[in-house]
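Undergrad: Here's my sequence, what's the structure:
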Amino acid sequence: MILELLRHGETELGGGLRGSLDDALTETGWAQMRQAVADAGPWDVLVSSPLQRCAAFADELGARLNLPVLREAGVRELHFGEWEGQSAAQIMQVDADALGQFWNDPYAFTPPDGEPVLAFAERVVAAVEGLRSAYAGKRVLLVTHGGVMRLLLARARGLPREQLLQVEVGHGALVRLALDHDGQMREVG
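TA: The predicted model follows:
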């Protein structure tokens with residue numbers, strides 16, 4: 001299966017840790033996503049996170065391509081708990097040590113009342129495995145979040161877990177992975 005990952009564009013409430021907050025896209029965000037897919041595809045299947053910053057664009061694209069859009073809750077963003085909606089600078093002012101621990105090894109430190117990255121990883125990998133099983137041999141576009149894409153790219157690149165947050169994924173980024181029949185994934189051009 002070819003799995004193309006599209007990160008949502010810029011959101012109305014701006015940067016920071018958006019997590020499970022359900023921000024809408026800005027006009028710039030819409031433009032970022034439209035530009036990303038302008039010369040991409042074709043896809044057999046469109047799948048989206050249920051959050052509106054992904055789903056609204058996926059619905060628009062699905063209508064344009066005459067493809068149904070499947071919602072997949074397993075590819076929601078990491079829930080950052082008390083850090084949701086805050087920027088790194090804001091967190092640094094009140095809990096620099098905790099933020100540093102999270103950046104150094106997100107698997108070993110969970111934001112207060114947040115989702116452990118290990119649970120997040122299990123959820124995302126299970127969702128992708130479900131897609132691979134259901135759509136073997138197909139081209140799937142997954143409209144999702146930066147954290148989901150970082151996780152999958154880190155795995156495809158064979159990076160150690162401590163380097164998860166070093167994977168760069170901009171708004172409107174589009175990347176392609178190939179998933180083999182045994183579930184192995186690799187980044188393809």
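Undergrad: per-residue pLDDT, the residue nearest to residue 23 when sequence neighbours are not counted?
TA: Closest residue to residue 23 apart from its sequence neighbours, by Cβ to Cβ, 6 or more residues apart in numbering: residue 11 at 3.7 Å. Just so you know, the C-beta spots here come from the backbone N, C-alpha and C atoms, and that holds for glycine as well. Here, the pLDDT recorded for residue 11 equals 95.
Undergrad: Now do the same contact list for residue 11.
TA: 18, 23-26, 29, 53 (Cβ atoms under 8 Å, 6 or more residues apart in numbering).
Undergrad: Out of these, which is nearest to residue 78?
TA: Checking the contacts of residue 11 against residue 78 by Cβ to Cβ gives residue 18 as the nearest, at 9.8 Å.
Undergrad: Who are the contact partners of that closest one?
TA: Contacts of residue 18 (Cβ under 8 Å, 6+ apart): 11, 53, 77, 84-85, 145.
Undergrad: mind checking pLDDT for it?
TA: For residue 18, pLDDT reads 91.
Undergrad: would you say it is within a strand?
TA: No: assessed with DSSP: H, G, I helix; E, B strand; the rest coil, residue 18 is coil; it does not lie in a strand.
Undergrad: Distance check, it against residue 6.
TA: As judged by Cβ to Cβ, to the nearest Å, residue 18 and residue 6 stand 16 Å apart.
Undergrad: cool, and residue 95?
TA: Noted for residue 95: a distance of 32 Å to residue 6, by Cβ to Cβ.
Undergrad: Closest one of the contacts of residue 18 to residue 171?
TA: Nearest to residue 171 among those, counting by Cβ to Cβ, is residue 11 at 8.4 Å.
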